[in-house]
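[1] After the sequence you'll find the predicted model.
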Amino acid sequence: MKVTIVGAGNVGATCADVISYRGIASEVVLLDIKEGFAEGKALDIMQCATNTGFNTKVSGVTNDYSKTAGSDVVVITSGIPRKPGMTREELIGINAGIVKTVAENVLKYSPNTIIVVVSNPMDTMTYLALKATGVPKNRIIGMGGALDSSRFRTYLSLALDKPANDISAMVIGGHGDTTMIPLTRLASYNGIPVTEFLSEEVLQKVAADTMVGGATLTGLLGTSAWYAPGASVAYLVDSILNDQKKMIACSVFVEGEYGQNDICIGVPCIIGKNGVEEILDIQLNDQEKALFAKSADAVRGMNDALKSILV
């Protein structure tokens, strides 16, 4: 199984490292426009093999898409990262042209690949990749919900003082500081609702911390986070390549699901060898439905900025 990661920056390189270390793919190609950058990252990762025991082949190339031929999955992390005080939405104008070009280039050499979009603003870039290429909707997936849900579970684990892996929780809606919806009502600790352990006040703080999870790290680091985003991409790729059919919140194209049409937005999906194999219809309460509709309106508004690019 072959995975290409376009963009060898912090997120892309971390994704390659996790995929290699866990043996998720037999081959990983890192591609970047900066001369020698992807080659250096790939060589550094490969030099871990004897000490960590993996056998994945990792290579790097400078803007040579022919080396990506035959990729089963292509991950797009290209674009500029957020800086302190910058919203994901402010990146639209800069990153849209990059993502469109990358998607078109990878499909020349891997026409049947599944594309995982990481570039921000992720919902809008996922929609752009879908509309600009005409690829079937099951093969274009935005990663954001996997990351947001991981952050949600982390904050819940801190509040509960229990292992994050014992906690089940999901974030749906747009991948933005004001558009994501942590489903506190449905979160559980080993099958028991977290509402049995945490007060409404604490749960509201957990949800608020989750929503600004990315911005918090950007403020601390001076740039976007990379360890959790890279691992979240690898988790999603694993479910695709190994047909695990995990339920993962992903940004996908909806046609009537959750009362929305013609946008890509985070919803619970079954992810397997065909990409998005099913969108699950979980029953939201009235408050959650209202929040989801508001989130969808915000995502749709950002998509309006793509009109000139999609002409």
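    Received, thanks. Numbers count the residues shown, from 1 in each chain.
[2] And the next helix or strand past the longest strand seen in the chain?
    The single longest strand within the chain, with elements called by DSSP state E, is strand 261-272. Once the chain leaves strand 261-272, the next helix or strand it forms, by DSSP states H and E, is strand 275-279.
[3] quick one: the helices in the protein?
    For the chain, the helices defined by DSSP state H cover 10-21, 37-46, 49-52, 92-109, 122-133, 144-160, 200-211, 213-221, 227-241, 286-303.
[4] that older thread, can you check what angle separates the longest strand of the chain from helix 286-303?
    Taking axes from the mean of the first three to the mean of the last three CA atoms, to 10 degrees, one finds strand 261-272 and helix 286-303 inclined to each other by 110 degrees.
[5] Residue numbering should commence at 41 henceforth.
    That works, and once the first residue is 41, the last one we named lands at strand 301-312.
[6] The helices of the chain: which one's closest to K107?
    Judged by CB to CB, the one of the helices of the chain that comes nearest to K107 is helix 132-149, at 8.4 Å. All C-beta spots, glycine's among them, are computed from the backbone N, C-alpha and C.
[7] Pull the distance from that closest one to the chain's centre.
    Relative to its chain's centre, helix 132-149 lies at 16 Å (CA atoms, centre = their mean, to the nearest Å).
[8] Go ahead and name everything in contact with it.
    For helix 132-149, contacts defined as CB atoms under 8 Å, 6 or more residues apart in numbering pick out 44, 46, 105-106, 108-111, 114, 116, 118-120, 153, 155, 157, 159-161, 164-165, 168-169, 172-173, 175, 342, 345-346, 349.
[9] contacting residues around the most centrally placed residue in the chain?
    The centre of the chain sits closest to M183, judged by CA atoms, centre = their mean, with a distance of 1.7 Å. With contact taken as CB under 8 Å, 6+ apart, M183 is in contact with 156-158, 162, 269, 272-273, 276, 290-291.
[10] again, only using 6 Å
    M183 makes contact with 156, 158, 273, 276, according to CB atoms under 6 Å, 6 or more residues apart in numbering.
[11] Count the neighbours of the closest residue to T219 other than its chain neighbours for me.
    Distances taken as CB to CB, 6 or more residues apart in numbering put S335 closest to T219, at 4.2 Å, once the chain neighbours are dropped. By the criterion of other CB atoms under 10 Å, S335 has 25 neighbours.
[12] S335 reaches G213, doesn't it?
    Yes: between S335 and G213 a contact is recorded at 3.8 Å, counting by CB atoms under 6 Å.
[13] quick one: low-confidence ranges for the chain?
    121-130, 347-351 (pLDDT under 70).
[14] Kindly recompute the last result at 80.
    Along the chain, segments meeting pLDDT under 80 span 120-134, 345, 347-351.
[15] quick revisit: list the residues that contact both of S335 and G213?
    Shared contacts of S335 and G213, counting by CB under 6 Å, 6+ apart, come down to T219.
[16] between the helices of the chain, which one is nearest to G315?
    Here helix 267-281 is closest among the helices of the chain (CB to CB), at 6.4 Å.
[17] Restricting the selection to alpha carbons, write that closest one to CSV.
    Written as CSV, here are the backbone C-alpha positions of helix 267-281 (Å, rounded to 0.1, in the frame of the first residue of the first chain):
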residue,chain,number,x,y,z
TYR,A,267,1.8,16.0,16.6
ALA,A,268,-1.9,15.5,17.1
PRO,A,269,-2.8,16.5,13.6
GLY,A,270,-0.2,14.2,12.1
ALA,A,271,-1.4,11.3,14.2
SER,A,272,-5.0,12.0,13.4
VAL,A,273,-4.3,11.8,9.7
ALA,A,274,-2.4,8.5,10.2
TYR,A,275,-5.4,7.1,12.2
LEU,A,276,-7.7,8.0,9.3
VAL,A,277,-5.4,6.5,6.7
ASP,A,278,-5.1,3.3,8.7
SER,A,279,-8.8,2.9,8.6
ILE,A,280,-8.8,3.3,4.8
LEU,A,281,-5.9,1.1,3.9
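[18] helices and strands around that helix, which ones?
    When contacts are defined as 3 or more CB pairs under 6 Å, 6 or more residues apart in numbering; DSSP states H and E, helix 267-281 packs onto helix 50-61, strand 113-116, helix 184-200.
[19] TSV please, covering these and showing mean neighbour count and distance to I207.
    As requested, the helices and strands packed on helix 267-281 are arranged in TSV below (neighbours: other CB atoms under 10 Å; distance: least, CB to CB, whole Å):
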stretch	mean neighbour count	distance to I207
helix 50-61	25	21
strand 113-116	28	26
helix 184-200	24	5
